[in-house]
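> Mind folding the following:
(one chain, ligands or ions: 2)
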Amino acid sequence: MEQMEKWWKQAVVYQIYPRSFQDSNGDGIGDLPGIIRRLEYLQTLGIDAIWLSPVCKSPQKDNGYDISDYQDIDPMFGTMEDMERLITEAKKRGIRIILDLVLNHSSDQHVWFQEARKSRESRYHDYYVWRDGVEGTPPNDMKAIFGGSCWEWVPEVGQYYFHQFAKEQPDLNWDNPAMRQEIYQMIRWWVDKGIGGFRLDVIDQIAKEPDQKITINGPKLHTYIRELSREAFWGHDLITVGEAWGADCDRAKLYSAPDESEFSMVFQFEHIGLDQEPGKEKWDLYPLDFVKLKQTFAKWQKELYGQGWNSLFWNNHDLPRIVSRWGNDGVYRVESAKMLAMVLHGMQGTPYIYQGEELGMTNADFTLDQYRDIETLNVYQERKAAGYSEAEILASIHAKSRDNARTPMQWSGEANAGFTTGLPWIAVNPNYQEIHAEQQMKDETSIFSCYQKLIALRKQYPVFIYGDFQLMYETHPDLFVYQRTWKGQKLFVYANFHGTEVAVPEWHIGDGTVLMHNYSDWKEGVLRPYEAYMVLL
Ligand code: GLC
Ligand code: CA
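Ligands and ions are numbered 1, 2, ... in the order given. Alright, predicted model coming up:
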């Protein structure tokens, strides 16, 4: 099948969570000058673009996912000049900056909302979602993702406003054309500044219909996204990726259609939900259904082939560390982190690496007082009130808290892992003396080096980009094996996903070239714990 060439199909994106990446002024919070200082590191890794979690002006109720000014930088992170310098300095190294657009809601401190809440007559009132009612009786019983009701009473206007997340994150009303135009203008302004792409936060929630209790996939969703794409993205060579928890394959084909009528691709989360109790919340822990995991990946690989484009990820700032989650963060940390990387990067799609993943950073292992995340603190209260035991709640938080991904980047074995000379806003993982970038950059067998090679391989062999996908041993309980084929070239990825040795039904190396292997020798006929290799035939 012919497939269109796009730079972002070959690209590997690196996600930075700015407040935890590199502090430059000793206030304990990562910032833009800190990122600039580390561009060389990212260039060495070989990535093509940085997805920057929000750095716009924000009261930081949800760490920047509550924006009060889309066209200003939060002083905590630096200045607009720092941002411009970051764009320029990154560009010199062939790296584009992807901005995180939070368009489903703003901060309640945004001037639009400040005006909107004063009077029904304000031109900004309709930029948000309001319903009449009486104080104490919300329009319906919808619950917010960060706890409590979706509705918040404002006495000045005698109405409730709608918020899917915290009450400090009022939902924007996408049915208002003036609001939409202001958003498009703002995006074009960023494009003119040299931004190379956008990640669209919870974009499948913009077309809400609260009267029908619809939050995701509202009936007008794709109409709005097409307008957004046309008005703000077209004519610029951007990478755009929507966050879409509600996407199935059919919807993802719309989102990522090759004509680029919507986005380049979406993040879909089907694989991410496979270790929670079906029909329940992420806090309801459940063993990973491994066979389902393989089948899920295989389905997405097949369905989108030639008809859309996948994003590939294990991690982001909302998810626990993959090596702790589905690998082994004890004795087999290095082997399992590399195995997970190979399995993911061998597939078709654009890989996203979340800061520290390339070092095999692990979950936080915090006590309750060390957590900072609004979602974590809320679920603790909610589940306490609902009668869950302390131990049960802590086990869930320990496994799934977003703070697992938010501990400071481990740069070196120095104090605070080289992240800050001050007091870090969130605790550094105590294992930083053992797990850090400085050591791994010197070591050819490190996890860092493995990621570096995977990125290079993708640029070298078109089979990584264009090859089709065939899952093998579909129902095998331990092996994750697949084959990619493109113009006579074959790529095999062989992996033992688990911690016990397994017999390998067939040996596919033949006279092929081993591109990568996470053990230093071979054991005939078996794969040892988390052993994985890639072969080109
Ligand atoms: C997305 C972000 C998450 C944020 C939420 C609300 O899911 O990734 O961090 O809390 O949207 O903006
Ligand atoms: Ca700082």
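
> For the stretch 301-450 of the chain, give the residue positioned nearest to ligand 2.
T420 (7.3 Å; C-beta to the ion). For the C-beta atoms, the positions are set from N, CA and C on the backbone; glycine is no exception.

> Tell me who's in contact with that residue.
Taking C-beta atoms under 8 Å, 6 or more residues apart in numbering as the criterion, T420 is in contact with D23, G26, D27, G28, I29, G30, P408.

> So which residue is smack in the middle of the chain?
Nearest residue to the geometric centre of the chain (C-alpha atoms, centre = their mean): N316, 3.5 Å.

> quick one: the strands in the stretch 351-500 of the chain?
In the stretch 351-500 of the chain, the strands defined using DSSP state E, counting those that start in this stretch lie at 468-472, 479-486, 489-496.

> ok, F469 touching W300?
No - the criterion here is C-beta atoms under 8 Å, and F469 misses it with W300 at 9.2 Å.

> Quick check: which element contains whatever residue of the stretch 51-200 of the chain ends up closest to ligand 1?
Nearest residue of the stretch 51-200 of the chain to ligand 1: Y65, at 3.4 Å (C-beta to the nearest ligand atom). Under the criterion DSSP states H and E, no helix or strand holds Y65.

> nearest residue to it other than its sequence neighbours?
Spatial nearest neighbour of Y65, excluding adjacent residues (C-beta to C-beta, 6 or more residues apart in numbering): V102 at 5.3 Å.

> now do Y41
A437 is the one closest to Y41 (C-beta to C-beta, 6+ apart), at 6.7 Å.

> quick one: pLDDT of the one you found?
In this prediction, A437 carries a pLDDT score of 98.

> I'd like the strands of the stretch 351-500 of the chain as TSV, with distance to ligand 2, mean neighbour count and mean pLDDT appended.
Formatted as TSV, those follow (distance: least, C-beta to the ion, whole Å; neighbours: other C-beta atoms under 10 Å; pLDDT from 0 to 100):
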stretch	distance to ligand 2	mean neighbour count	mean pLDDT
strand 468-472	43	18	97
strand 479-486	41	21	97
strand 489-496	40	22	96
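
> Was I right to think R93 contacts L42?
Yes - at 7.5 Å, R93 counts as touching L42 under the criterion of C-beta under 8 Å.

> Of these two, which one has the most company?
L42 (21 against 13; other C-beta atoms under 10 Å).

> I figured that one hits Q15, correct?
No - the criterion here is C-beta under 8 Å, and L42 misses it with Q15 at 11.2 Å.

> overlap in contacts of those two?
With C-beta under 8 Å, 6+ apart, L42 and Q15 have common neighbours I50.

> residue ranges of the helices in the stretch 351-500 of the chain, please?
374-385, 390-400, 437-442, 447-460, 462-466 (DSSP state H, counting those that start in this stretch).

> Output the contacting helices and strands for the fourth one.
Packed against helix 447-460 by the contact rule (3 or more C-beta pairs under 8 Å, 6 or more residues apart in numbering; DSSP states H and E) you find helix 39-45, helix 333-345, strand 350-354, helix 437-442, helix 462-466, strand 513-517.

> now E152: how far from F162?
Distance, E152 to F162, by C-beta to C-beta, to the nearest Å: 8 Å.

> More neighbours: which of these two?
Between E152 and F162, F162 has the larger neighbour count (other C-beta under 10 Å), namely 25 against 19.

> all helices for the stretch 101-250 of the chain, in order.
111-116, 177-192, 221-228, 249-255.

> Out of those helices, flag the one nearest ligand 2.
So among the helices of the stretch 101-250 of the chain, helix 177-192 is nearest, using C-beta to the ion, at 22.7 Å.

> In JSON lines, list the helices and strands packed on helix 447-460 along with distance to V266.
Output for the helices and strands packed on helix 447-460, formatted as JSON lines (distance: least, C-beta to C-beta, whole Å):
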{"stretch": "helix 39-45", "distance to V266": "24"}
{"stretch": "helix 333-345", "distance to V266": "17"}
{"stretch": "strand 350-354", "distance to V266": "11"}
{"stretch": "helix 437-442", "distance to V266": "30"}
{"stretch": "helix 462-466", "distance to V266": "18"}
{"stretch": "strand 513-517", "distance to V266": "28"}
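
> Adding distance to ligand 2, write the ones you listed out as a markdown table.
Shown next, in a markdown table, are the helices and strands packed on helix 447-460 (distance: least, C-beta to the ion, whole Å):
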| stretch | distance to ligand 2 |
| --- | --- |
| helix 39-45 | 17 |
| helix 333-345 | 29 |
| strand 350-354 | 20 |
| helix 437-442 | 19 |
| helix 462-466 | 38 |
| strand 513-517 | 37 |
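
> And for L319, the neighbour number?
Quick note: L319 (other C-beta under 10 Å) scores 18 neighbours.

> what helix or strand does it sit in?
Per DSSP H and E: nothing holds L319, as it lies in no helix or strand.

> you'd agree it is up against I272?
Yes - judged on C-beta under 8 Å, L319 makes contact with I272 at a distance of 6.6 Å.

> how much space is there between E474 and ligand 1?
E474 sits 32 Å away from ligand 1, going by C-beta to the nearest ligand atom, to the nearest Å.

> residues in contact with that residue?
Counted by C-beta under 8 Å, 6+ apart, E474 has contacts V291, K294, Q295, A298.

> Also P139?
Applying C-beta under 8 Å, 6+ apart, the residues near P139 are R131, D132, G133, W151, Y160, P210, D211.

> For the second one, which non-adjacent residue is closest in space?
Spelled out, it's D132. Q159 is the one closest to D132 (C-beta to C-beta, 6+ apart), at 5.7 Å.

> thinking the one you found is in contact with R120, fair?
Yes - with contact defined as C-beta under 8 Å, Q159 and R120 form a contacting pair (7.4 Å).

> More neighbours: which of those two?
Q159 (20 against 14).

> Compare the contacts of E474 and tell me which is most surrounded.
K294 (23 neighbours).

> list the helices and strands the host helix or strand of that residue packs on?
Following DSSP H and E, the helix or strand that holds K294 is helix 290-304. Under the contact criterion of 3+ C-beta pairs under 8 Å, 6+ apart, helix 290-304 touches helix 249-255, strand 468-472.

> For the ones you listed, give me a markdown table that also has distance to P462.
Listed next are the helices and strands packed on helix 290-304 as a markdown table, based on distance: least, C-beta to C-beta, whole Å:
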| stretch | distance to P462 |
| --- | --- |
| helix 249-255 | 23 |
| strand 468-472 | 12 |
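
> Ok, which of the ones you listed comes nearest H222?
helix 249-255 (5.7 Å; C-beta to C-beta).

> check whether the following helix or strand past the closest one contacts ligand 1.
For helix 249-255, the following helix or strand on the C-terminal side (DSSP H and E) is strand 265-267. No - Strand 265-267 lies out of reach of ligand 1 by C-beta under 6 Å from any ligand atom, never closer than 9.0 Å.

> outside of strand 265-267, which residues touch it?
With C-beta under 8 Å, 6+ apart as the criterion, strand 265-267 contacts 8, 240-244, 247, 252, 255-256, 308-311, 313, 316, 349-350, 352.

> Check which element follows the helix holding K294 along the chain.
Criterion used, DSSP H and E; the element after helix 290-304 is strand 311-312.

> And whichever helix or strand comes after that following strand, how far out from the chain middle?
The helix or strand immediately downstream of strand 311-312 is helix 322-325, counting by DSSP H and E. Computed by C-alpha atoms, centre = their mean, to the nearest Å, the chain-centroid distance of helix 322-325 equals 15 Å.

> Show me what counts as buried in helix 322-325.
For helix 322-325, a neighbour-count test (16 or more other C-beta atoms under 10 Å) marks I322, V323, S324, R325 as buried.

> what packs against it?
Using 3+ C-beta pairs under 8 Å, 6+ apart, helix 322-325 is in contact with helix 333-345.
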